[in-house]
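> predicted model follows, preceded by the sequence.
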Amino acid sequence: MFSKMFKGFSIAILLALFAANAYASSVTGVIVSIDFKKGIFIVKSKQADMGFSCEPSLLSNIIIGDKVKVQYVIENSVENVQTIERIAPLKNSKIIGEIIHIDMQKGTLTLKSEDAEVVLDGGNAELKDYKQGDIVDITYTINDSKEVIKTIKKKQP
């Protein structure tokens, strides 16, 4: 009697697990692309490049080049991101793109590159020397979760 009941209980658990079709996993790698508005990003790990979709708020402190650990649950073949943990922030980075907005009051510059749209703190840069549409080469650093411009140079069209 106990054996039949145990066997029935075991089968019920297995069926429930398969029916849920979900399991948790994680990947550690470097952020290579981000679309902040859509909440889409790509992590390059030793095994593969993996694309994820999440609530855009989870990406608020993440930038291209950060080493991250992504915890996710796979449900019905879809990776649902649970957490994104910055393991090692990028110390210095370089980005080339088009200036799409300059906010002189805030001292910020919005740059669109091939991979992302990034708002950078002007730091000590003379933003008044630049305008919307300029193609620039920027080196920046991370300071208090802000991308701060170290150098900025206009690129020749």
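Okay, I see it. As the structure is a computational prediction, the values presented were derived from the model and not from experiment. Numbering: from 1, shown residues only.
> contacts only, for Ser33.
By C-beta atoms under 8 Å, 6 or more residues apart in numbering, the contact set of Ser33 is Phe41, Ile42, Ile64, Asp115, Ala116. No exception for glycine: its C-beta is placed from N, CA and C like everyone else's.
> run a quick neighbour tally on the third one.
Translated: Ile64. Neighbours of Ile64 under the rule other C-beta atoms under 10 Å: 19.
> and if you look at Phe41?
For Phe41, using other C-beta under 10 Å, the count is 27.
> was I right to think it contacts Ile34?
Yes - using C-beta atoms under 8 Å, Phe41 makes contact with Ile34 at a distance of 4.6 Å.
> common neighbours of these two, please.
Joint contacts of Phe41 and Ile34 (C-beta under 8 Å, 6+ apart) are Leu59, Ile62.
> residue ranges of each domain in this protein, please.
17-88, 92-154 (automatic domain parsing).
> could you dump the ones you listed to JSON lines with mean pLDDT?
Listed next are those as JSON lines, based on pLDDT from 0 to 100:
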{"stretch": "domain 17-88", "mean pLDDT": "84"}
{"stretch": "domain 92-154", "mean pLDDT": "88"}
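> what comes up buried for the helix or strand containing Thr28?
Using DSSP states H and E, Thr28 maps to strand 22-35. Neighbour-count burial for strand 22-35 flags Val27, Gly29, Val30, Ile31, Ser33, Ile34 (criterion: 16 or more other C-beta atoms under 10 Å).
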